[in-house]
Each structure stands twice: as structure tokens, then as C-alpha cells.
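[1] Here is my input; please provide its structure:
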Amino acid sequence: MDSETKTPDELFHHTALPQERSIRLLRIARDVADSIAITVDAFALDQLPEYEALSYTWGKATLQDDEVESDDPGIHQNIIIDSMPYTINENLYDGLWELREELHGYLWVDALCIDQTNDQERASQVTLMGEIYSSAKRVVIWLGKETPEVEAVIWLSSHYWDAFAAKVPPGMMASYFGLSPSQWTQLWEHHSAFYRRYRWFQRAWVRPHESPSGSVHS
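    The predicted structure is shown next:
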């Protein structure tokens, strides 16, 4: 019996936070190979252990060329929280699955650490999010599954600033790298498509989540 056919009493439910200025943190189980299983603990904000925070997009990670921004939640996947089934969106599932070997300690994820069925708690926790992100050891950014444009962004990130530092004129960049004008143009078209395609860059709340100690994954 999967989580879609279980009764409400058989699904995971958040227990109330012990005080207003407290949050939940999760750990990903290391001994589960074929699924995502996590445990959740509550802590007062002034007694937090070291933890990381995950920044991602709710719903789908990417948009097709002709697709407009929407609140479509996308596909959902099942996980286990404190030995009970729970459902999350596919992009968050993909992020936890891809990063599970890297995220060894406590982690804060809004969809899992905030009781999304409790409007009062949600409102209260939103006011704490600035402190939550700023107190994290690292903010891990999950863009979504890799798209073909990623290679162009990585290449430009590792080469363009070297040429800029060498004071190569903009009109000479292509020849400096041994590329034809059409190849150089295509490279920048892929670069632009990357930022258009990943919904993370389109969200209004991206800038407050940025952190000098962050890392980006796709």
C-alpha cells in the first residue's frame, strides 16, 4: 500500500513546535539505498546545531522554450519521514536524491521543516527565514536536473573571466578561444537559455537566499 492509498492516520504529520522561535531540521538516513528516508528534530533558534539550508523551486525545475511560468506543482514522489510515508514534489525529491551523499548533517528544507498544513505556523516560520538562511553553515542551491545548456555555462564560467582579466577586447573573444563567430554566438545563446529555462532564477525570492558560502548543483 503506497502513501496515496493510506488513511490520514497512517501518513506523517508534523508535531507542534515547542516554542514560536524554534524550527525543525532534518537528517537524511545513510542506511537506505533505494529510497529517501529522513528524520526530523526541533530546536530553539538560539540552540541550533550546525546545519545547511536547501534553496530550490517548488514544482517543476525547468520550463520548455514555449512554456510560461505557472504554479503547476508537477509530479510528486513518496519519501519516508520518521518511518511514516510523506509526499513531496519531484524537483525536491531529485535534489535530495542527488545530494544525499553530500549532505551528511542537519538540513533545513522549507517544504519539510515547516508544517505546510498549518497556516499559523507557516506565517510564523516565514518571518524567521532570514535568520534561518543566514545562520546556516552553507546554502545549497538545487537548480534541477541537468539540461544541455549546463556545459556552455560551465565553459564560460571557467574561461570568460580569464580572458577578461587578460583584457581581451570583446570583439576578439571568439578568436582568443579559437572559436568561430557562429560558435561564440551559439555559446552565449546556450548561456541565455540556461537562465531562462531553470525556474530558480525566475523566482522573486532568489536574491535573499544567495549566500557567499553557497554551492550550486544541477
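
[2] Okay, and V140 sits in which element?
    strand 138-142 (DSSP states H and E).

[3] same check, this time on Q116
    Secondary structure from DSSP H and E places Q116 outside every helix and strand.

[4] How about L96?
    Applying DSSP H and E, one finds L96 within helix 90-99.

[5] so that helix versus strand 138-142, what angle?
    120 degrees (axes from the mean of the first three to the mean of the last three Cα atoms, to 10 degrees).

[6] And for helix 90-99, what's in contact with it?
    28, 36, 38, 54, 56-61, 74-77, 79, 103, 109, 111-112, 140, 142, 144-145, 217 (Cβ atoms under 8 Å, 6 or more residues apart in numbering). All C-beta atoms are positioned from the backbone trio N, CA, C, and that covers glycine.

[7] Out of those residues, list just those in helices.
    Here DSSP state H is the test, and the contacts of helix 90-99 give 111-112 as lying in helices.

[8] Buried ones from the contacts of helix 90-99, can you make that a PyMOL selection?
    Selection of buried members from those for PyMOL, criterion 16 or more other Cβ atoms under 10 Å:
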select buried, resi 28+36+38+54+56+57+58+59+60+61+77+79+103+109+112+140+142+144
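
[9] In strands only, show me the contacts of helix 90-99.
    Those of these mapping onto strands are 28, 38, 54, 76-77, 79, 140, 142, 217, per DSSP state E.
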